[in-house]
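S.K.: Just to be clear, the model below is a prediction. Sequence and coordinates:
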Amino acid sequence: MELHFECTQCGRCCHDLRLTLSVAEACAWAGRGHQVDLLTEAWPWPDDGASSDAGMAWRKATSFAVRVGDVPFRINLRLVARHEGACPHLLPDMRCGNYEARPRICRIYPLESRPFEAVEPVRRKCPPEAWHDDLPLLERDGEPSDSAAGEVLAAHRQAMIDDVPVKARLASALGFAETAFAGEGMAVCEVAPLALLTVVEEVSSGRWDVAQGWAIVTNRTSTAQMLANLDCPVRLVSAGPAYLPAFADEA
């Protein structure tokens, strides 16, 4: 299967986004005074052995093990650049003012950052005219057609694996130990840029352990009841800055 694409420089992908960053990219972003949030989701993970399923292997490689009550979970923690409205680097003519130092996630767009996920044009902010069979080839059978883009994509994915230990200690150092249930939303921890830089420097030396006393936050009463029946610490919340739901609040 072939997918063709050409950027129209509409600037839509530079507005109102949360961009997944490596630890180094997050420090660079925060170092310019811009906001970086921590987002978490978690999967119950009773079997910590190797998986023959490539998707599950990726999920394990990009997460760390914790316990929620007596139940084993794995936490996926993302560092994301958050900007409401236009990106602080977006110029009036829709060009990037940080082009040479822009994060990998920007360099690969609209390619899919997660392996085993197909690019779906309807889920991208690009206008319909950016997608047409007469335009340059973007990917074939799920693989980037441009080798340079493929290298950047591979580096982004490898960073998601390599950064896991630092991100786990970062959550501990910040006292952030709440997570959404995977597929239902994301729990959010907002950190001031300077504070993030200070804590990343501390945890990069390995002086912090991974916290084990995590709790689940959810806006669904059915999920809260299920977890409570398993004696898992759980808190019912509403959609807002600290919780980005995939579903409407459940009464």
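M.R.: Arrived safely.
S.K.: Could you list the residues in contact with the helix or strand of the chain with the lowest mean pLDDT?
M.R.: Lowest by mean pLDDT, DSSP states H and E among the helices and strands of the chain is helix 54-61, with a mean of 90. Applying CB atoms under 8 Å, 6 or more residues apart in numbering, the set of residues contacting helix 54-61 from outside is 43, 45, 48, 50-51, 74, 76, 114-116, 161, 164. All C-beta spots, glycine's among them, are computed from the backbone N, C-alpha and C.
S.K.: Contacts only, for residue 63.
M.R.: Residue 63 makes contact with 42-43, 74-77, 164, according to CB under 8 Å, 6+ apart.
S.K.: pLDDT wise, what is it at?
M.R.: For residue 63, the pLDDT comes out at 97.
S.K.: follow-up on the earlier one: please list the members of the contacts of helix 54-61 that lie in helices.
M.R.: Among the contacts of helix 54-61, the ones falling in helices (DSSP state H) are 161, 164.
S.K.: any low-confidence regions in the stretch 1-150 of the chain?
M.R.: Scanning the stretch 1-150 of the chain for pLDDT under 70 picks out nothing.
S.K.: Sketch out the helices for it, chain order is fine.
M.R.: All helices of the stretch 1-150 of the chain, identified by DSSP state H, counting those that start in this stretch, fall at 23-31, 54-61, 104-108, 147-162.
S.K.: what's the offset of the first one from the middle of its chain?
M.R.: Remark: helix 23-31 is offset 14 Å from the chain centroid, using CA atoms, centre = their mean, to the nearest Å.
S.K.: Give the buried residues for that helix.
M.R.: 23, 25-30 (16 or more other CB atoms under 10 Å).
S.K.: For the residue of the chain most remote from its centre, which non-adjacent residue is closest in space?
M.R.: Largest separation from the mean C-alpha position in the chain: residue 134, at 32.5 Å (CA atoms, centre = their mean). Once flanking residues are discounted, residue 134 sits nearest to residue 4: 7.2 Å by CB to CB, 6 or more residues apart in numbering.
S.K.: Next one: the one you found from residue 141, what distance?
M.R.: Using CB to CB, to the nearest Å, residue 4 is found at 14 Å from residue 141.
S.K.: thought residue 171 was touching residue 187?
M.R.: No - between residue 171 and residue 187 there is no contact under CB atoms under 8 Å: 10.5 Å.
S.K.: where do the contact lists of the two overlap?
M.R.: Joint contacts of residue 171 and residue 187 (CB under 8 Å, 6+ apart) are residue 40.
S.K.: Bridged to the spatially most central residue of the chain, which residues?
M.R.: The residue lying closest to the centre of the chain (CA atoms, centre = their mean) is residue 78, at 4.0 Å. Per DSSP bridges, residues listed as beta-bridge partners of residue 78: residue 39.
S.K.: give me every residue that touches it.
M.R.: 20, 38-40, 186.
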